[in-house]
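Engineer: just need the structure, nothing else, for what follows:
(one chain, ligands or ions: 2)
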Amino acid sequence: MINENDLTAPFSAIRRRIKEQAPLIHCITHPITMNDCANLVLTTGAKPHMASHPQEVAEVTAGAAALAVNLGNITDDRMLAMRRAAETARAVGIPVLIDLVGVAGSTLRRDFACRFIADYRPAVIKGNSSEMKAVCGLPSHAVGVDAGAADAVTTGNYTEAERLFGQYAAAQHTVVLVSGAIDMITDGHVSCGVTNGTPLLAQLTGTGCMLGALAGTYLAAGSPWQAAVLSAVTMGLAGEYAAIHATGMGSFHMALFDAFTNLTDEQICTEARFV
Ligand SMILES: Nc1ncnc2c1ncn2[C@@H]1O[C@H](COP(=O)(O)OP(=O)(O)OP(=O)(O)O)[C@@H](O)[C@H]1O
Ligand SMILES: Cc1ncsc1CCO
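Structural biologist: Ligands and ions are numbered 1, 2, ... in the order given. You can find the predicted model right below:
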């Protein structure tokens, strides 16, 4: 049984370190959510750099504290940029997160992701349940970049999902963050499910990409496990607060950013909910 205090104990320290150190977070991502990801990183106190030109990314990563790459809306240039940046991340010893956007419906992205994971050993691999099943080599039921209902992690299949994704995480020596109504985080030895959130988060494009950028930011100040759990709790709770004030998706979007700005350590530690 997971002790919730053990999970939440490091949260405040990570948040404080990010505010004090204002680390540079290099995000190589796509135009659909780039602006939201940059603004979310800013709410933490960290500094985003969204550089993606293949000829400059190595230089940018060399000055960063963490690298987050996202396969959404992929291009040849960004694939090359991600590999060059990851080479540098490995050389200078900074952690890498990969967000598997769209791998379930694209052989190009799936092959790229599997090669990237094998070559650069990301500290965190993030995806929705369909994307994660796809890189595990299992049939998945994605609808475009969204997870299919048949792949969702639920209280009914939680133990099986824990086994499946845990096995993959252990084999890759990484932390897996599976997003959804229950966000599952596992390294194959320890796992937890974060139940904070609102279905509205799935109605706003790119909240999964934002979750990846947030986990990438916390990687600069905490372990991969802590970074993944804290990001899931933060996104879920911010969604819950935003849902209270929103009257539609426009105001939800704004209220979500207000919630990121105003969430306190106490709210995050006392209102985090785990399966
Ligand atoms: N039904 C739900 N109830 C509560 N929270 C949810 C629900 N669906 C998604 N979320 C939350 O929304 C965020 C994004 O998760 P999701 O699985 O939708 O990502 P994604 O598919 O990668 O999204 P995108 O491709 O739009 O970036 C996570 O923080 C997750 O907890
Ligand atoms: C809609 C969409 N298409 C490619 S990426 C993206 C944003 C959510 O991942």
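Engineer: going forward, measure contacts and count neighbours with C-alpha atoms only.
Structural biologist: Noted.
Engineer: farthest residue from the center of the chain?
Structural biologist: Distance from the centre of the chain peaks at Thr247, with 26.9 Å (C-alpha atoms, centre = their mean).
Engineer: phi first, then psi, for Pro54.
Structural biologist: phi -60, psi -30 (degrees, to the nearest 10).
Engineer: host element of the closest residue to it other than its chain neighbours?
Structural biologist: Once flanking residues are discounted, Pro54 sits nearest to Ala81: 4.2 Å by C-alpha to C-alpha, 6 or more residues apart in numbering. Per DSSP states H and E: Ala81 is located in helix 76-92.
Engineer: so is whatever helix or strand comes next after that helix next to ligand 2?
Structural biologist: Scanning forward in sequence from helix 76-92 by DSSP H and E, the next helix or strand is strand 96-99. No. Using C-alpha under 6 Å from any ligand atom, strand 96-99 never reaches ligand 2; the gap is at least 9.3 Å.
Engineer: equivalent analysis for stretch 104-111, please.
Structural biologist: No. Figure legend: stretch 104-111 not in contact with ligand 2 (C-alpha under 6 Å from any ligand atom); closest approach 11.1 Å.
Engineer: stretch 171-191 now?
Structural biologist: No. Contact between stretch 171-191 and ligand 2 is absent, the nearest approach being 11.9 Å (criterion: C-alpha under 6 Å from any ligand atom).
Engineer: put the alpha carbons of that stretch into CSV.
Structural biologist: Taking Å, rounded to 0.1, in the frame of the first residue of the first chain, the C-alpha atoms of stretch 171-191 are listed here in CSV:
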residue,chain,number,x,y,z
ALA,A,171,13.0,-3.2,-19.2
GLN,A,172,13.8,0.4,-20.3
HIS,A,173,15.1,1.5,-16.9
THR,A,174,12.8,4.5,-17.0
VAL,A,175,9.8,6.0,-15.4
VAL,A,176,6.6,5.7,-17.5
LEU,A,177,3.8,8.3,-17.1
VAL,A,178,0.6,7.1,-18.7
SER,A,179,-1.9,9.9,-18.8
GLY,A,180,-5.7,9.6,-18.6
ALA,A,181,-8.6,9.8,-16.1
ILE,A,182,-6.2,7.9,-13.9
ASP,A,183,-2.6,8.9,-14.5
MET,A,184,-0.4,5.9,-13.9
ILE,A,185,3.3,6.4,-13.0
THR,A,186,5.6,3.4,-12.7
ASP,A,187,9.2,2.4,-12.8
GLY,A,188,8.4,-1.3,-12.6
HIS,A,189,9.1,-1.5,-8.9
VAL,A,190,6.8,1.2,-7.5
SER,A,191,3.7,2.6,-9.1
